[in-house]
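Visitor: Sequence and predicted structure, then a few things I'm wondering about:
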Amino acid sequence: MQIVKKSLVFLLTGVMICGMATLAQAQDSVHINLNKAIEIALSESPTMRIADRSVDIKREYKKEQIVSLFPDVSVAANYNRTLLKQTMSMDMGGQTMNIKVGRDNTYSVGANLSLPIVSFPLWSSLKLSSMDIEMALESARSSKIELVNQVKQAYYTYLLAKQSYDVLQSSYAHLEESNNLVTNSFNQGLVSEFEKLRSDVALQNQRPQVNSAAKSVKLAGMRLKVLLGMDVNEPVIFDGQLSDYEQNVLSATMPSESDVQLMYNSALRQLDLGIDQLEQSKKIVRGASLPMLALAGAFQYSGMGDDGGKFTNYPYSYVALSLQVPIVGWAATHYKLKQSEMNIANMRDQRADVERNLRLGVQSYLNDMQQAIEDLAADSETMRQAQKAYDIAKKQYEVGMNTWLDLNTAELTLTTSRLTYCQAIFNYLVAKANLDATLGAE
């Protein structure tokens with residue numbers, strides 16, 4: 001008795017320790033829903049940080065170009081020490097006289113000023129820099145939309161894998177329960193050995209599917225964690241089930257194709273900005289062939305002297321206007337403008353092709369959503385009928401009114417209807433996420 005009591009004490013202690021460990025793990029786990037997952041992805045994703053830095057780079061580059069509009073002042077200083085003076089020969093009344101020219105020490109200190117007054121290429125470049133900032137902002141918005149779409153689809157994939165695992169696990173429990181019934185009936189001599197073997201084989205065949213579904217849940221969770229920038233081993237519980245979205249799907253109002261607008265589609269907006277940039281680059285090319293006017297000025301202070309002597313100082317200053325008029329450059333400008341026009345035409349054709357494909361994609365997503373709504377309405381009723389049919393078949397088998405094959409067929413129908421139900425919700429959510437991304441919804 002003492003040995004039994006000690007064994008019971010050890011057993012209860014082990015159960016309590018396992019229970020406390022499980023509770024501690026559950027408390028340490030972080031619960032994340034879809035909205036929280038999107039928030040984490042937007043704050044932790046390297047893609048978004050890179051996009052934000054790209055915008056900052058464009059802004060700093062524009063500031064650099066704005067500085068070009070201000071006067072450019074530079075200071076220069078120079079000092080020369082003459083090692084060997086230059087000798088000049090002069091004919092003075094029939095006699096040659098050699099004269100050494102220069103001083104032992106010379107220096108100069110001065111300031112130079114330059115300011116563009118009329119410069120069409122510079123002004124056009126500043127506007128092009130503003131367009132670059134708009135392009136960077138739109139590219140960042142595109143990255144955000146794409147990331148949100150990826151998170152949604154990864155989250156829905158995880159929910160599908162988790163609910164499919166629950167369905168298969170429930171199916172395995174049904175098969176295990178029916179297998180126990182068959183085993184008891186076989187032991188009582190009420191069923192044949194062949195029926196027991198079929199029940200055992202069906203139960204064994206279900207185990208690999210349950211194990212595979214469990215691995216799919218784990219893999220889907222790891223992929224979602226990676227997308228959120230989290231450690232794959234971090235304890236996280238992703239909340240929600242696909243069945244939570246059933247009413248949203250069934251009550252959804254489908255927009256017509258004419259109501260769907262692509263004005264906020266990021267790809268089209270980037271192409272529009274690209275066309276505007278090419279138009280502005282064309283103005284820069286044209287502006288390079290126009291006259292440029294600049295203001296220049298300088299003040300210089302120089303001095304010269306021999307060793308041991310005093311320095312002689314010479315101040316010097318000037319202000320000048322510089323006008324530059326290209327003449328021969330018009331020929332090259334003509335061909336550059338032709339190239340710009342062809343590039344613009346190519347991008348316009350590219351935009352038209354992208355828009356056609358986007359409209360085709362929108363129509364496909366709308367069709368998928370409508371089909372998913374219709375499938376879900378039918379699958380919900382089918383699942384309820386399959387559950388009722390399984391309950392009836394189970395009762396009939398318990399009283400000996402049908403065979404194990406009838407019970408197994410009812411269970412298989414119930415499992416299939418549950419999986420189809422989950423797939424219909426998943427199809428709608430994925431199509432809706434793709435549609436939102438295509439329309440540029442944030």
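Guide: Cool, the structure landed.
Visitor: C-alpha from now on. contacts and neighbour counts both.
Guide: Noted.
Visitor: tell me the centre residue of this protein?
Guide: Nearest to the mean C-alpha position of the chain, by Cα atoms, centre = their mean, lies Ser143 at 3.6 Å.
Visitor: okay, it: pLDDT?
Guide: With respect to pLDDT, Ser143 has a value of 89.
Visitor: repeat for Thr438
Guide: pLDDT, Thr438: 92.
Visitor: ok, the residue nearest to the centre of the chain touching Arg49?
Guide: No. Counting by Cα atoms under 8 Å, Ser143 stays clear of Arg49, with 10.2 Å between them.
Visitor: Let me see the contact set for Tyr390.
Guide: Leu407, Ala410, Glu411, Leu414 (Cα atoms under 8 Å, 6 or more residues apart in numbering).
Visitor: tell me which residues in the helix or strand encompassing the first one are buried?
Guide: For Leu407, the enclosing helix or strand under DSSP states H and E is helix 404-439. Neighbour-count burial for helix 404-439, with 16 or more other Cα atoms under 10 Å as criterion, is recorded at 404, 407-408, 410-439.
Visitor: Can you tell me what sits against stretch 275-287?
Guide: 119-121, 124-125, 127-128, 131-132, 333, 336-337, 340-341, 343-344, 347-348.
Visitor: which residues of this structure fall in helices?
Guide: 2-28, 34-44, 46-66, 120-187, 193-227, 246-250, 266-287, 329-398, 404-439 (DSSP state H).
Visitor: Can you say which of the ones you listed is nearest to Pro235?
Guide: Closest approach to Pro235 among those (Cα to Cα): helix 2-28, 7.2 Å.
Visitor: Just the mean pLDDT for the closest one, thanks.
Guide: For helix 2-28, mean pLDDT rounds to 40.
Visitor: likewise stretch 412-421?
Guide: Regarding stretch 412-421, the rounded mean pLDDT is 92.
Visitor: picking that back up, what about burial for the contacts of stretch 275-287, which qualify?
Guide: 119-121, 124-125, 128, 131-132, 333, 337, 340, 344, 347-348.
Visitor: Same list, the residues you listed, but as TSV with pLDDT and distance to Met230 please.
Guide: TSV is the format used below for these (pLDDT from 0 to 100; distance: Cα to Cα, whole Å):
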residue	pLDDT	distance to Met230
Ser119	76	52
Phe120	76	51
Pro121	77	48
Ser124	78	45
Ser125	81	42
Leu128	82	39
Met131	86	35
Asp132	87	33
Thr333	78	54
Leu337	85	51
Ser340	88	46
Ile344	92	43
Met347	92	40
Arg348	94	42
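Visitor: picking up where we left off before, which residues sit in contact with the residue nearest to the centre of the chain?
Guide: Neighbours of Ser143 in contact, by Cα under 8 Å, 6+ apart: Thr47, Met48, Ala51.
Visitor: with the residues you listed in mind, which one is nearest to Ser164?
Guide: Distances from Ser164 to the contacts of Ser143, taken by Cα to Cα, are shortest for Thr47, at 31.7 Å.
Visitor: Now that closest one. Nearest residue, chain neighbours left out?
Guide: Ser143 (7.1 Å; Cα to Cα, 6 or more residues apart in numbering).
Visitor: got it, and Leu414?
Guide: Ala386 (4.9 Å).
Visitor: Does the one you found touch Ser417 like I think?
Guide: Yes. In this structure Ala386 lies within contact range of Ser417 using Cα under 8 Å: 7.2 Å.
Visitor: For the nearest residue to Gln300 once chain neighbours are set aside, give the beta-bridge partners.
Guide: Distance criterion Cα to Cα, 6+ apart; nearest residue to Gln300, sequence neighbours excluded, is Gly110 at 3.9 Å. Beta-bridge pairing of Gly110, defined through DSSP bridges, involves Ala76, Gln300.
Visitor: one step back: show the contacting residues for the residue nearest to Leu414.
Guide: The contact partners of Ala386, by Cα under 8 Å, 6+ apart, come to Ala410, Thr413, Leu414, Ser417.
Visitor: one more time with 10 Å
Guide: Ser380, Ile392, Ala410, Glu411, Leu412, Thr413, Leu414, Thr415, Thr416, Ser417, Arg418 (Cα atoms under 10 Å, 6 or more residues apart in numbering).
Visitor: now swap in Ala437 and tell me
Guide: Contact analysis of Ala437 by Cα under 10 Å, 6+ apart lists Ser142, Lys144, Ile145, Glu146, Leu147, Val148, Asn149, Gln150, Tyr264, Asn265, Ser266, Ala431.
Visitor: Overlap in contacts, Ser143 and Arg49.
Guide: Common contacts of Ser143 and Arg49 (Cα under 10 Å, 6+ apart): Leu42.
Visitor: Neighbours of Ala393, how many?
Guide: Ala393: 21 surrounding residues under other Cα atoms under 10 Å.
Visitor: Not counting sequence-adjacent ones, nearest residue to it?
Guide: Spatial nearest neighbour of Ala393, excluding adjacent residues (Cα to Cα, 6+ apart): Leu407 at 5.4 Å.
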